[in-house]
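Trainee: All I have is the shape, not the residue letters:
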């Protein structure tokens, strides 16, 4: 027997029908695998999840997560990851995008991202210009709150709406399941108050302080008919296309200098080894 040092909560933002019905996660070549259903535009892309125990040390222990892990994640193809989490204590939250894992702490702070290499011989299919949702009308930006407090979302000087905190696990949704709002996409800046246009959008998020960032939406890369997925961590944002691929990311800047909301300094200063990335491109 070994003692648990927390859990890894895994969320699957991939779309059913595009990448099959689910994702399968094998930890350190041991079973049983974790299986998470894919999401759908019909439920506003809200991701399904599961969780696994953490075990101390680096010696593989069943399908528990240890300090250093090799993952095999299968969606439409299979991907290999080196998923090292030994520097991060307690519960962790992992978003399993198509070829990238984004890891955050249970206080909503960004910790690391992990890149993957294809493990199967099938060619990775690029889906630029395709759409999983609407085919003829303008899409939306689905904005997800990956934090334990309600936030207010403004775009281009207009209030788009409030997004409740993620689930505490006491209702119908699993713990840490994010809430979302749909913000309309428009073509021109003149129509962009409270919406998202093709260009540089001024975004403001408000909780106990005010954060801001510029969200650049390239209409050639993201056709107007396509939905986009914007994930707001406590100190960072991630933009994906509706397939959970083609990532852009950047920091959220706060109005108070040196303010780090909810930061666990002991966790943020300790870094894992492995194929992990920071920066403004995923």
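Mentor: Nice, thanks for sending it over. Here the structure is a predicted model, which means the values were calculated and not measured.
Trainee: In the sheet, which residues pair with the residue positioned nearest the centre of the chain? Tell me.
Mentor: Nearest to the geometric centre of the chain sits residue 95, at 4.6 Å (Cα atoms, centre = their mean). Beta-bridge pairing of residue 95 under DSSP bridges involves residue 11, residue 102.
Trainee: can you offset everything so residue one is 35?
Mentor: Understood, numbering begins at 35; the last thing we discussed is residue 129.
Trainee: so how far is residue 181 from it?
Mentor: Using Cβ to Cβ, to the nearest Å, residue 129 is found at 14 Å from residue 181. The way it works is simple: take the backbone N, C-alpha and C, and place the C-beta from them, glycine included.
Trainee: hang on, the earlier thing: can you read off the pLDDT for the residue nearest to the centre of the chain?
Mentor: Predicted confidence (pLDDT) at residue 129: the value is 97.
Trainee: Could you chop the chain up by domain?
Mentor: Domain ranges of the chain: 41-159+300-311, 174-297, per automatic domain parsing.
Trainee: between the ones you listed, which has the poorest average model confidence?
Mentor: domain 41-159+300-311 (a mean of 87).
Trainee: which residues of the chain fall in helices?
Mentor: Counting by DSSP state H, the chain has helices at residues 299-303.
Trainee: Please list all residues in contact with residue 62.
Mentor: By Cβ atoms under 8 Å, 6 or more residues apart in numbering, the contact set of residue 62 is 94, 97, 100, 103, 104.
Trainee: switch the cut-off to 6 Å
Mentor: For residue 62, the contact set (Cβ atoms under 6 Å, 6 or more residues apart in numbering) comprises 94, 103, 104.
Trainee: separation between the last one and residue 87?
Mentor: Which is residue 104. Applying Cβ to Cβ to residue 104 and residue 87 gives a distance of 17 Å.
Trainee: ok, now the second one?
Mentor: Summarising the geometry, the distance separating residue 103 from residue 87, computed by Cβ to Cβ, is 12 Å.
Trainee: Which one's more surrounded, the two?
Mentor: Using other Cβ atoms under 10 Å, the more surrounded residue of residue 103 and residue 87 is residue 103, with 20 against 17.
Trainee: Count the neighbours of the closest residue to that one other than its chain neighbours for me.
Mentor: For residue 103, ignoring the flanking residues on the chain, the nearest one in space by Cβ to Cβ, 6 or more residues apart in numbering is residue 117 at 4.3 Å. Neighbours of residue 117 under the rule other Cβ under 10 Å: 26.
Trainee: Wait, residue 117 touches residue 105, no?
Mentor: Yes - between residue 117 and residue 105 a contact is recorded at 4.9 Å, counting by Cβ atoms under 6 Å.
Trainee: The contacts of residue 62 in strands, which ones?
Mentor: Taking DSSP state E, the ones among the contacts of residue 62 that sit in strands are 103, 104.
Trainee: Throw the contacts of residue 62 into JSON lines and include distance to residue 46, thanks.
Mentor: Listed next are these as JSON lines, based on distance: Cβ to Cβ, whole Å:
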{"residue": "94", "distance to residue 46": "23"}
{"residue": "103", "distance to residue 46": "18"}
{"residue": "104", "distance to residue 46": "19"}
